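Chemist: output the structure for:
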Amino acid sequence: MRSIAIVAAKEIQEGLRNRWVLATTLLLAALALSLTFLGSAPTGNVGAGALDVVVVSLSSLSIFLLPLIALLISHDAVVGEMERGTMILLLSYPVGRGQVILGKFVGHLLILAFATLIGYGAAGVALSLTGAATLTASWLAFGAMLGTSIMLGAVFVAIGYLISSLVRDRGTAAGLSIGVWLIMVLVFDMALLGFLVVDQGRTISGTTLNALLFFNPTDLYRLTNLTGFNVSQFSGMAGLAGTTHPGLTALLLGLGAWIVVPLSLAMLSFSRREL
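Modeler: This next block holds a predicted model:
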C-alpha cells in the first residue's frame, strides 16, 4: 500500500506541475455554473426544481466531457513514461508493475475526483446562495450524480491505462483514445437507436435492450442519473424509467465492472510487456 501511495502522490505532483488539476477544475466549474444559472431559469414555468434541472444538465454534460478528460490524462500513463525512459527508473525501485498501475490509477482518479467535486460542487453552492427552495431528494440526486460522475471518470481512466499498456507510442495511444471516446459517447448510441428504429420491436425486447446498454458505460451512467434518482420526469426519460430499467444496483455494479475489468487487463498487459 505504501508503494501505491507513493506512486499516486507522484502522479498528483505531476498533475499539479502540469496544471491539469487547475485547468480541469476551472473548466468543470465554469461549465457547471453556466448551466446552473442559465439552465435553471425556466424552472418556475415547467414545475421542476432548480437543483433537479442542474442534475439533469450536469449529467448530460458529464457524458461528453468527463470521459474525454479522463482519457487525456491517462492515455500516455504507461507508454509515455516508457518513451521518456522514466519507467525503467521507476521500476528500479522496490515497486511491482501492478503497484505502478494501481498507484498511477489512484493518482489520476484523485485528480479527476477533486476537479469534479470542486467544479460541480460550486454549482450546488451557488444555487444554495440564491435561496432557491430545494427538496432533500434533490440534494440526494445531486450527491449521487457527483459520485457516479467520479465512477464514470474512473471507467475511462482505466480504459486509458489499458490502451497505454498495449500500444508502442503516444501517438497511437492518443488516436485510439479519441476513437474510443467517439464510439462510446456518440457512435454506439446512434447505431443502437438506428437499429431500434429499423427493428420496430420485432427482435430487440426490453430485456435485450437492457443487456446491450451494459456494453457502454456512458449509457449506464445516463440511466443511473436520469432514471435512478427521481429526475426522469425532467430529463425526458420517464417512459424509459418505467419500462426499460435494469435497476439501480445493477447499473452501479455495471459501472464498477467497467472499472475493474479494463484496469485488471492493463495490469496483466503491463506485467507481460518488455521494457
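Chemist: mind listing the strands for the stretch 101-250 of the chain?
Modeler: For the stretch 101-250 of the chain, no strands are identified by DSSP state E, counting those that start in this stretch.
Chemist: so who does Val95 touch?
Modeler: Val95 makes contact with 3, 6-7, 103, according to C-beta atoms under 8 Å, 6 or more residues apart in numbering. To be clear about C-beta, it is placed using only N, CA and C from the backbone, and glycine gets the same treatment.
Chemist: and it, its phi and psi?
Modeler: As for Val95, its main-chain torsions (degrees, to the nearest 10) stand at phi -140, psi 130.
Chemist: and Leu193, how many neighbours?
Modeler: Residues near Leu193, counting by other C-beta atoms under 10 Å, number 10.
Chemist: one more: the one 10 residues further on?
Modeler: A count of nearby residues for Thr203, using other C-beta under 10 Å, gives 10.
Chemist: gap between Val185 and Val167?
Modeler: Val185 sits 21 Å away from Val167, going by C-beta to C-beta, to the nearest Å.
Chemist: over to Val21?
Modeler: Val21 sits 26 Å away from Val167, going by C-beta to C-beta.
Chemist: for Glu274, same thing?
Modeler: Counting by C-beta to C-beta, the gap from Glu274 to Val167 is 14 Å.
Chemist: got it, and Gly254?
Modeler: For Gly254, the distance to Val167 (C-beta to C-beta) stands at 27 Å.
Chemist: ok, Arg19 next?
Modeler: Note on Arg19: its distance to Val167, by C-beta to C-beta, is 25 Å.
Chemist: these two - which one has more neighbours?
Modeler: Val167 (19 against 10).
Chemist: might one say that that one is in contact with Ala174?
Modeler: No: using C-beta atoms under 8 Å, Val167 makes no contact with Ala174, being 9.4 Å away.
Chemist: what distance do you get for Ile12 to Asn225?
Modeler: From Ile12 to Asn225 the distance is 27 Å (C-beta to C-beta).
Chemist: neighbour-wise, which of those two wins?
Modeler: Using other C-beta under 10 Å as the criterion, Ile12 and Asn225 rank with Asn225 on top: 29 against 18.
Chemist: dump the residue contacts of the more buried one.
Modeler: Contacts of Asn225 by C-beta under 8 Å, 6+ apart are 55-56, 59, 141, 144-145, 148, 231.
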